[in-house]
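Visitor: dropping the sequence and predicted coords here.
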Amino acid sequence: MAVNFVRPLIPKLATDPWAIQFDAAGHLKHLLTIEGLGSTWITRILDTAEGFMSVSDRDIKKVPLLRGRTVVNLFFEASTRTRTTFELAAKRLSADVLNINLSTSATTKGESLLDTLRNIEAMQADMFVVRHEQSGAAHFIARHAAPHVSVLNAGDGWHAHPTQALLDAFTIRRIKGEFAPLRIAIVGDVKHSRVARSQIHAFNSLNVGELRVIGPRTLIPNDIEPLGVRVYHDMRAGLKDVDIIIMLRLQRERMESGLLPSEQEFYRLYGLTEEKLKWAKPDAIVMHPGPANRGVEIESRVADGPQSVILQQVSNGIGVRMAVMALCMSAES
Amino acid sequence: MTSLPELKSANQLLDDCLQNLQWAIEQGQLNNPLMVGIHSGGVWVAEALHQRLQLSEPLGKLNITFYRDDFNTLGLHPQVAPSQLPVDIDGRDIILVDDVLYTGRTIRAAMNELFDYGRPARIWLAVLFERDGRELPISAQTVGQRLVLSPRQQIHVDGPHPLTAHIVTREEIA
């Protein structure tokens, strides 16, 4: 039976820190975090993405919606999957795309974030897709960007990765239909995961039946239960009756910082093997935001197995990012 | 206040369109045509015509939201039913169906989208109503009824069952 949690109300006040995501008419303009979107906007994004999915099945994978607009991928942190799917999404909407890898560029020469922003703005960009190792970077850029510019957060520090959470919700909806009867377990390094944080907000907004996190005490935040999440430290108990298993990437540097004894130990306790997968529902699906560490958090046979939807997540990511770009770019004008 | 023009009944409109399309097929102007309706009114009309013409291949449906040129002013419609073209359109004669032909922008967008799927041999436009106010050099080959209306007047088609049409007059903005 699904468990109903009391969920915190998201205040819709002028002081709402996430009000910046909307223009004066209440239309989505920036996507910085899942917070403040509510089920209405999340559902709207997922519905719009459904329409865009068909574009990728055609011979000519392009629609002219954003023709003449310029999208700048501002990546201060390395990324392949996220950057390329944002790039493809923009190109399928006929926008011009500029990729700027700043981890190796101007910032290492001492240019401030604001200076970089002003310079790229001077190139008449219409949208920034920002990834940064500092939490709040996308928010900072949204506050300081020219009024016509939309900002999408492609991951900031430990804070948020909203499009990943949206594409996960989209993937789940496509496969399972409704959210209310579902039990979802997020497994691994929840503490340092911006993906997990955004997922928890999204699944709460969508009224998922039960949300669990599974992992060692050192990798689960202490204050997570008020977010409507059940904490498990034991994989067998945590996976029981679960419909969706989301494995998180284990960052290697966590081992060095002493939060984990060893990769082998983590794999033994929390790595998703075929054997552990049997503890979940027989029709459970396995997700991973990528890139997966095979043999650390997931066994190859599970990652490539019949219950894995990891590659569907990647394809769905394009449709969802097209939807977010199109919706945000149709604001304000 | 001027009186509104009389509209033909939906059945009459469909019959007139059907007769014209059958004539075009018999004359060899349309060869084994494929029918494609434009969401949403055009699909309703196309469904009715498709059934009466007894075309062998399934009806195609176009959603031109992603091709509109007024995206900047109108924004994006949240619920976008995807386009479905079940058959290869390369080299085919296509009967493109819409409810009302007005500015011509919808038809332009629909043709742009069709060409992203392939290169049709011919596109034949069939509409229930053709009214004045074209902004592009586009005309329909099959027309149920021609109307001259003021810019404040619009034809609203509701459907799919029953298919009905009426003229609405927008309040003049002072």
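Guide: On my side now, so go ahead. Numbering: from 1, shown residues only, chains lettered A, B, ... in the order given.
Visitor: which ones are touching A:Thr218?
Guide: A:191, A:259-260 (C-beta atoms under 8 Å, 6 or more residues apart in numbering or on different chains). From N, CA and C alone the C-beta is placed, and that goes for glycine too.
Visitor: phi, psi for A:Glu70 please.
Guide: One correction, residue A:70 is Thr, not Glu. Main-chain torsions, A:Thr70, degrees, to the nearest 10: phi -120, psi 120.
Visitor: contact partners for residue 137?
Guide: Using chain A. With C-beta under 8 Å, 6+ apart, A:Ala137 has these contacts: A:76, A:113, A:130, A:156-157.
Visitor: I was thinking of chain B, sorry if that wasn't clear
Guide: Contacts of B:Pro137 by C-beta under 8 Å, 6+ apart are B:Gly104.
Visitor: and it, how far from chain A?
Guide: 20 Å (C-beta to the nearest C-beta, to the nearest Å).
Visitor: so the most centrally placed residue in chain B, which of the three states?
Guide: Nearest to the geometric centre of chain B sits B:Asp98, at 0.9 Å (C-alpha atoms, centre = their mean). Assigned with DSSP: H, G, I helix; E, B strand; the rest coil, B:Asp98 falls in the strand class.
Visitor: please look at it and B:Trp44 and confirm they touch.
Guide: No. With contact defined as C-beta atoms under 8 Å, B:Asp98 and B:Trp44 do not form a contacting pair (10.3 Å).
Visitor: who touches both of the two?
Guide: Common neighbours of B:Asp98 and B:Trp44 (C-beta under 8 Å, 6+ apart) are B:Gly37.
Visitor: for stretch B:44-54, list every residue counted as buried.
Guide: Across stretch B:44-54, burial judged by 16 or more other C-beta atoms under 10 Å in any protein chain shown covers B:44-50, B:53.
Visitor: other residues contacting it?
Guide: B:14, B:17-18, B:21-22, B:35-37, B:59, B:61, B:95, B:97-99, B:126-128, B:157, B:159-160, B:163.
Visitor: indicate the residue of the stretch 1-150 of chain A located nearest to chain B.
Guide: A:Gly51 (3.0 Å; C-beta to the nearest C-beta).
Visitor: residues near that residue, how many?
Guide: 24 (other C-beta atoms under 10 Å in any protein chain shown).
Visitor: thought it was touching B:Ile64?
Guide: No. In this structure A:Gly51 lies outside contact range of B:Ile64 using C-beta under 8 Å: 11.5 Å.
Visitor: need the pLDDT of A:Ser56.
Guide: At A:Ser56, the model reports a pLDDT of 85.
Visitor: check the secondary structure at it for me.
Guide: Secondary structure of A:Ser56, per three-state DSSP, is helix.
Visitor: next, the contact list for it, please.
Guide: A:92, A:315, A:318-319.
Visitor: past the worst-scoring helix or strand of chain A on mean pLDDT, which element shows up next along the chain?
Guide: Every helix and strand in chain A was compared by mean pLDDT, DSSP states H and E; the lowest is helix A:253-256, with a mean of 68. Scanning forward in sequence from helix A:253-256 by DSSP states H and E, the next helix or strand is helix A:263-270.
Visitor: show me the beta-bridge partners of the closest residue to A:Leu272 other than its chain neighbours.
Guide: Counting by C-beta to C-beta, 6 or more residues apart in numbering or on different chains, A:Ile298 is the residue found nearest to A:Leu272 once chain neighbours are left out, at 4.8 Å. Note on A:Ile298: beta-bridge partners A:Leu272, A:Arg294, judged by DSSP bridges.
Visitor: quick one: A:Ile298 and A:Arg236, what's the gap?
Guide: Noted for A:Ile298: a distance of 17 Å to A:Arg236, by C-beta to C-beta, to the nearest Å.
Visitor: likewise for A:Leu113?
Guide: 46 Å.
Visitor: could you check which of those two has the larger neighbour count?
Guide: Using other C-beta under 10 Å, the more surrounded residue of A:Leu113 and A:Arg236 is A:Leu113, with 19 against 11.
Visitor: hmm, back to that, in a markdown table: the buried residues of stretch B:44-54, plus pLDDT and secondary structure.
Guide: Listed next are those as a markdown table, based on pLDDT from 0 to 100; DSSP: H, G, I helix; E, B strand; the rest coil:
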| residue | pLDDT | secondary structure |
| --- | --- | --- |
| B:Trp44 | 94 | helix |
| B:Val45 | 96 | helix |
| B:Ala46 | 96 | helix |
| B:Glu47 | 95 | helix |
| B:Ala48 | 94 | helix |
| B:Leu49 | 96 | helix |
| B:His50 | 95 | helix |
| B:Leu53 | 92 | helix |
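Visitor: of those residues, which pair is most distant in space?
Guide: B:Trp44 and B:Leu53 (15.2 Å; C-beta to C-beta).
Visitor: quick revisit: so which of the contacts of A:Ser56 reach chain B?
Guide: Among the contacts of A:Ser56, proximity to chain B is found for none (C-beta under 8 Å from any C-beta of the partner chain).
Visitor: buried ones among those?
Guide: Using 16+ other C-beta under 10 Å, the buried members of the contacts of A:Ser56 are A:92, A:318-319.
Visitor: among the residues you listed, which ones are in helices?
Guide: Among these, the residues falling in helices (DSSP state H) are A:92, A:318-319.
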